[in-house]
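Visitor: Let's see this in three dimensions:
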Amino acid sequence: KRLSIDAGAVANGSAEVHAQAAQLKPFVRGELVESIKHMLFGFGDEVEPLDETAELMEDLVVEYVHAMTKKAMELATIKGKLDTECFIFLIRKDPERYDRIAELLRANDEFRAALNSGFDPSDEKMY
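Guide: Below you'll find the model as predicted:
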């Protein structure tokens, strides 16, 4: 469940933002382990990677996402809103991550354009 947050309201300690944040499902340790195991296998690890490996990866991912989100929120308080530009600014000096996020944002734009085009595959003739 996504939550859009006005950074100005966060800076002011708005009760509304705190109420919205309270509605989010809290992260449960171990929740990502199975998905991470599949990703590890996909990137060449064992068919059944060790639990300890997946748990360590989960810890690293959660720590990274938390740190990036915190930094983005700090930027958002200056800018006035939290958006993708806050995250892009944070990774601007890392060409690999920057290129990847640019690619994902382009793909997202194409996906949205396709959804909004009105195309309905059920209207097409099958030969």
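Visitor: Only C-alpha atoms from now on, for both contacts and neighbour counts.
Guide: OK.
Visitor: What strand or helix carries the residue nearest to the spatial centre of the chain?
Guide: The geometric centre of the chain, computed from its C-alpha atoms, lies nearest to Val65 (Cα atoms, centre = their mean), at 8.1 Å. With elements taken from DSSP states H and E, the one containing Val65 is helix 51-79.
Visitor: other SSEs contacting that helix?
Guide: Secondary structure elements in contact with helix 51-79, counted by 3 or more Cα pairs under 8 Å, 6 or more residues apart in numbering; DSSP states H and E, are helix 7-11, helix 33-42, helix 84-90.
Visitor: Go through the ones you listed and name the closest to Thr77.
Guide: For Thr77, the closest of those is helix 7-11, at 5.0 Å, according to Cα to Cα.
Visitor: For the host helix or strand of Arg106, buried residues please.
Guide: In this structure, Arg106 is located in helix 95-116 according to DSSP H and E. By neighbour count, and taking 16 or more other Cα atoms under 10 Å as the criterion, the buried residues in helix 95-116 are 98, 101.
Visitor: Relative to Ala72, how far out is the residue nearest to the centre of the chain?
Guide: 10 Å (Cα to Cα, to the nearest Å).
Visitor: do Ile101 as well
Guide: Distance check for Ile101 against Ala72: by Cα to Cα, it reads 15 Å.
Visitor: Lys93 now?
Guide: From Lys93 across to Ala72, the span is 15 Å (Cα to Cα).
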